[in-house]
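Asker: Can you look at this prediction? I've put the sequence above it.
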Amino acid sequence: MTKLYETVENTIPRLRRYALMLTGSREVADDYAQLCLERMIQENLLAHRRDVGSIFFETFHRVVSDAEIRLDTRRMTNMGNLEQELLALPVDQRAAILLVHVEGFSQQQAANITPYPSWSLAENCRRRGQR
């Protein structure tokens, strides 16, 4: 149980960072992360104990739709140029960049986490490399 606890403890800040970079709002990001954690507890998702990190992000994408993320995206004044440019991208491109290049998931893992097909994720990651 200690290993599971440590994994969960280490994954929650990653989930919050991911939600923040998708939405641009700490308040909205924390609400989404809390909603995700509540769903994981309600559905007892950690009992299956496969890749716990992936479970967090998969649950996030099942709970929060792209439409909600687009509606909640904010332009925060204290963000740098990189964060502003990231928020200007469509949600699917942001998710691809964040999951693969920030969170360290493979493109296939990211495709399994998100509702986006693997070819779309690969294309979004390729575009990111051209910038």
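Answerer: Nice, thanks for sending it over.
Asker: in the protein, what spans have low per-residue confidence?
Answerer: Scanning the chain for pLDDT under 70 picks out the ranges 1, 48-49, 66-79, 124, 127-131.
Asker: tell me what the helix or strand where Asp31 lies is packed against?
Answerer: Remark: Asp31 resides in helix 26-42, with elements defined by DSSP states H and E. Using 3 or more Cβ pairs under 8 Å, 6 or more residues apart in numbering; DSSP states H and E as the contact criterion, the neighbours of helix 26-42 among helices and strands are helix 2-23, helix 52-63. To be clear about C-beta, it is placed using only N, CA and C from the backbone, and glycine gets the same treatment.
Asker: which residues touch that helix?
Answerer: Under the criterion Cβ atoms under 8 Å, 6 or more residues apart in numbering, residues 12, 15-16, 19-20, 22-23, 45-46, 55-56, 59-60, 62-64, 72, 74 lie in contact with helix 26-42.
Asker: and what of stretch 109-125?
Answerer: 54, 57-58, 61, 66, 92-93, 95-97, 99-101, 105, 107-108.
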